[in-house]
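A.B. asks: 3D, please:
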Amino acid sequence: MGGHKILLILDHIWSSIDLSSIGIPSSNELQRCNSKVLITTRKSDICQAMGCQVEINLTILSEVDSLTLFMRQSGKSLESKDFYDAARKVAKQCAGLPIALIAVAKALGDKVDLNEWRKAAR
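C.D. replies: Numbers count the residues shown, from 1 in each chain. Next up, the predicted model:
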């Protein structure tokens with residue numbers, strides 16, 4: 001690996017992968033050059049099947065944190081009670097998942113029609 005530190009991120013893995021079959025060196029070789037492979041998955045059995053050294057479980061965002069992230073990403077001050085209520089409902093529909101909160105907030109951010117926000121809240 002040429003003496004360079006490498007961080008390889010395999011995101012959204014849904015089944016076990018034989019890393020050597022796709023050209024990723026063994027964990028011993030990765031350790032020698034101070035490199036890492038980071039795997040993200042929603043299935044903990046994948047981590048076990050792939051022999052991950054460390055497993056970090058992440059939880060969803062709380063309702064308060066979800067709304068805060070949603071409001072920040074929408075770019076709206078949401079001072080109107082009607083917009084605030086719609087934002088709260090939409091954020092709740094995103095079930096604490098940051099990627100959903102960000103995507104929906106950005107999609108609604110330029111919408112000035114309250115009905116658009118209410119539709120998203122359904």
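
A.B. asks: who are the contact partners of the residue nearest to the spatial centre of the chain?
C.D. replies: Nearest to the geometric centre of the chain sits residue 99, at 4.9 Å (CA atoms, centre = their mean). Going by CB atoms under 8 Å, 6 or more residues apart in numbering, residue 99 touches no other residue. From N, CA and C alone the C-beta is placed, and that goes for glycine too.

A.B. asks: before we move on, what SS does it have?
C.D. replies: helix (DSSP: H, G, I helix; E, B strand; the rest coil).

A.B. asks: pLDDT score for it?
C.D. replies: Each residue has a pLDDT score; the one for residue 99 is 91.

A.B. asks: and it, how far from residue 90?
C.D. replies: 14 Å (CB to CB, to the nearest Å).

A.B. asks: and what of residue 66?
C.D. replies: Residue 66 is 10 Å from residue 90, by CB to CB.

A.B. asks: in the protein, which spans are strands?
C.D. replies: 7-10, 36-39 (DSSP state E).

A.B. asks: surely residue 60 meets residue 97?
C.D. replies: Yes: applying CB atoms under 8 Å as the test, residue 60 and residue 97 come out as touching, 6.2 Å apart.

A.B. asks: so where is the protein shaky, pLDDT-wise?
C.D. replies: 1-3, 78 (pLDDT under 70).

A.B. asks: so where do the helices sit in it?
C.D. replies: Using DSSP state H, the helices of the chain run over 27-32, 44-50, 63-74, 81-93, 98-108, 114-121.
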